[in-house]
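Q: Okay, sequence plus prediction incoming.
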Amino acid sequence: LCRLFLPELQTDGIVQLIIGASMLTVGFGTYLNEWFRKYSSTIAYVGFSALTIHVFYLNYINNLNPVLVVTLMIVMAASGMLLDHMRAVVTYGIAMLSATGLLMFLAGDQTGYNVWLLLLGVVISLIITFVTVVSRLNIFNRLIFADTTLNNSRSLVIAADATGNIVYVSRSVKAVLGYQ
């Protein structure tokens, strides 16, 4: 997609094709095979990491072209949708900061982008990822608490929608009233 904005960018089409085909295969495999479903999150971590590392590589061979720097920030901001626990966020953050440091070290004087702005963008993207994952985990924990509270208490909980149709009945209704 970056070549749409800047046709002279150097890309590695074979690697891009392999990463894309691999992720599509895994995506379709989750519908067809139990093994893919079981390991889909691990495979997604590896595929997303390969994509991110490839974008770092493209930044390196194109001397930090601003189009690719923006692409890197978009890819990193998307990591908050994939990562689902803090250990993964910390590991991802360390890897991205290490890759950024290496890219800053290897970047020559002919870069099209300030390496310190690159570092700032990476740090901001990691903060956005951290906040996204923490917020999602907080909401998930609240939902688990609410579900546990509603279904393991001896109180009767019945919820109806605006038209009067019952949409939820707690498990305790059967134990207290004998109805199912």
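A: Yep, it's here. Numbering: from 1, shown residues only.

Q: Return the set of buried residues in the longest helix along the chain.
A: Taking DSSP state H as the criterion, the chain has its longest helix at helix 115-152. For helix 115-152, a neighbour-count test (16 or more other CB atoms under 10 Å) marks 115, 118, 121-122, 125-126, 128-130, 132-133 as buried. Glycine gets a C-beta too; all of them are placed from N, C-alpha and C.

Q: Let me have those in a markdown table, adding distance to Ile18 and pLDDT as columns.
A: Listed next are the buried residues of helix 115-152 as a markdown table, based on distance: CB to CB, whole Å; pLDDT from 0 to 100:
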| residue | distance to Ile18 | pLDDT |
| --- | --- | --- |
| Val115 | 29 | 83 |
| Leu118 | 26 | 84 |
| Gly121 | 27 | 87 |
| Val122 | 25 | 88 |
| Ser125 | 25 | 88 |
| Leu126 | 27 | 89 |
| Ile128 | 28 | 88 |
| Thr129 | 25 | 89 |
| Phe130 | 30 | 91 |
| Thr132 | 28 | 89 |
| Val133 | 28 | 89 |
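
Q: among the residues you listed, which two are most distant?
A: Val115 and Val133 (27.0 Å; CB to CB).

Q: picking up where we left off before, other SSEs contacting the longest helix of the chain?
A: Other helices and strands packing on helix 115-152, by 3 or more CB pairs under 8 Å, 6 or more residues apart in numbering; DSSP states H and E, are helix 66-82, helix 86-106.

Q: quick check, distance from that helix to the centre of its chain.
A: Distance of helix 115-152 from the chain centroid (CA atoms, centre = their mean, to the nearest Å) equals 11 Å.

Q: I'd like the next helix or strand past that helix.
A: Downstream of helix 115-152, the first helix or strand assigned by DSSP states H and E is strand 158-160.

Q: which strands and helices sit next to that following strand?
A: Under the contact criterion of 3+ CB pairs under 8 Å, 6+ apart, strand 158-160 touches strand 166-169.

Q: Next up, the contacts around the one residue sitting closest to the centre of the chain.
A: Taking CA atoms, centre = their mean as the criterion, Leu82 is the residue nearest the geometric centre of the chain, at 2.2 Å. Taking CB atoms under 8 Å, 6 or more residues apart in numbering, we find Leu82 in contact with 44-45, 48.

Q: same check, this time on Leu64
A: By CB under 8 Å, 6+ apart, the contact list for Leu64 reads 103, 107, 111-113, 115, 118.

Q: which pair in these spans the largest distance?
A: Pairwise distances across the contacts of Leu64 peak at 13.0 Å for Leu103 and Gly112 (criterion: CB to CB).
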